[in-house]
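Peer 1: pasting the structure only:
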């Protein structure tokens, strides 16, 4: 016998009302990190969540989500799970190249996947750390995402910062706060590493390697706790999920100082 469903019951309208109470405004440009399961039982699933977000933002607002593809990477670095070294060459030779139109996101949750396929959605070009946006600023947000700037100055994060975007953590913690990665690129001596992936070029599919900043979010939960303790963050509740809403630029500026202090000696 199946277990009875647990709530609360969330509808598109109840979600929209609570998102407004949580501080989301019409006309916002907002980067959303989300967990569908944290909300309760959602009538209409992830589609209802996306519809509610777009409804609150209105025609002048822009919704942005991470649609990353961490599996398009060097198998030598895979840890969850690792694969035999004897497979590495074959994986590098046969990994499907990134296609912003069809490559599914990986490990981002259900809501970003719905946004990725939503009518009018636009997606950035990075084969591992793409973002997808819907709204009047979508093209500006996703344009010119450089292969050697996963989450840096030539990524949608820097454009969101310039646009005065806010971040909404919807049922997730600061360990999911992608914006903090932008601060890593601004450390005095950021760590760097080779980064490999499959892409399509005018010559066809190629496996390529670029030099980029080595991103690491292992201390982001600690960073987020410090940020909440020292900066204004709007707390709310949507369904059963806690929410945090804050300006992206303020989070990045705080993280630049905090990471420089707490990662001293790295380089």
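Peer 2: Looks like it arrived, so ask away. All values reported here derive from a predicted model rather than from experimental measurement.
Peer 1: Any chance of the backbone angles for residue 237?
Peer 2: Note on residue 237: its backbone torsions stand at phi -150, psi 130 [degrees, to the nearest 10].
Peer 1: er, residue 194 I mean
Peer 2: Backbone dihedrals for residue 194, given as degrees, to the nearest 10, come out at phi -70, psi 140.
Peer 1: can you pull up the bridge partners for the closest residue to it other than its chain neighbours?
Peer 2: With CB to CB, 6 or more residues apart in numbering as the criterion, residue 194 has its nearest non-adjacent residue at 5.2 Å, and that residue is residue 209. All C-beta atoms are positioned from the backbone trio N, CA, C, and that covers glycine. Taking DSSP bridges, one finds residue 196 as the beta-bridge partners of residue 209.
Peer 1: and residue 209, what pLDDT?
Peer 2: Residue 209 is assigned 98 on the pLDDT scale.
Peer 1: Just give the number of residues close to it.
Peer 2: Per other CB atoms under 10 Å, the neighbour tally for residue 209 reads 12.
Peer 1: any idea how far it lies from residue 100?
Peer 2: Relative to residue 100, residue 209 is positioned 20 Å away (CB to CB, to the nearest Å).
Peer 1: I'd say the residue nearest to residue 194 and residue 193 touch.
Peer 2: No - here residue 209 does not reach residue 193: they are 10.2 Å apart, not a contact under CB atoms under 8 Å.
Peer 1: Which residues are in contact with each of the two?
Peer 2: Contact with both residue 209 and residue 193 is made by no residue, according to CB atoms under 8 Å, 6 or more residues apart in numbering.
Peer 1: Wait, a strand at residue 235?
Peer 2: Yes - note on residue 235: a strand contains this position according to DSSP: H, G, I helix; E, B strand; the rest coil.
Peer 1: which residue ends up closest to the midpoint of the chain in space?
Peer 2: Averaging the C-alpha coordinates of the chain gives a centre point, and the residue nearest to it by CA atoms, centre = their mean is residue 66 (2.9 Å).
Peer 1: Please list all residues in contact with that residue.
Peer 2: For residue 66, the contacting residues are 31, 33, 105, 108, 112, 129, 130, 131, 178, by CB under 8 Å, 6+ apart.
Peer 1: Residue 38 versus the third one, what's the distance?
Peer 2: Right, residue 105. Applying CB to CB, the value for residue 105 to residue 38 is 18 Å.
Peer 1: Backbone torsions only: list them for the residue nearest to residue 228 when sequence neighbours are not counted.
Peer 2: Among residues not flanking residue 228 along the chain, residue 244 sits closest, at 7.3 Å (CB to CB, 6+ apart). Residue 244 adopts backbone torsions of phi -130, psi 130, taken as degrees, to the nearest 10.
Peer 1: Was I right to think residue 244 contacts residue 238?
Peer 2: No - using CB under 8 Å, residue 244 and residue 238 do not qualify as a contacting pair, with a distance of 11.2 Å.
Peer 1: Got the confidence number for residue 80?
Peer 2: Reading off the confidence values, residue 80 has pLDDT 87.
Peer 1: actually residue 106, not the one I typed
Peer 2: Predicted confidence (pLDDT) at residue 106: the value is 93.
Peer 1: what's the answer for residue 2, then?
Peer 2: Residue 2 is assigned a predicted lDDT (pLDDT) of 67.
Peer 1: again, but for the one 4 residues further on
Peer 2: Reading off the confidence values, residue 6 has pLDDT 76.
Peer 1: Now do the residue nearest to the centre of the chain against residue 43, distance only.
Peer 2: Residue 66 sits 25 Å away from residue 43, taking CB to CB as the criterion.
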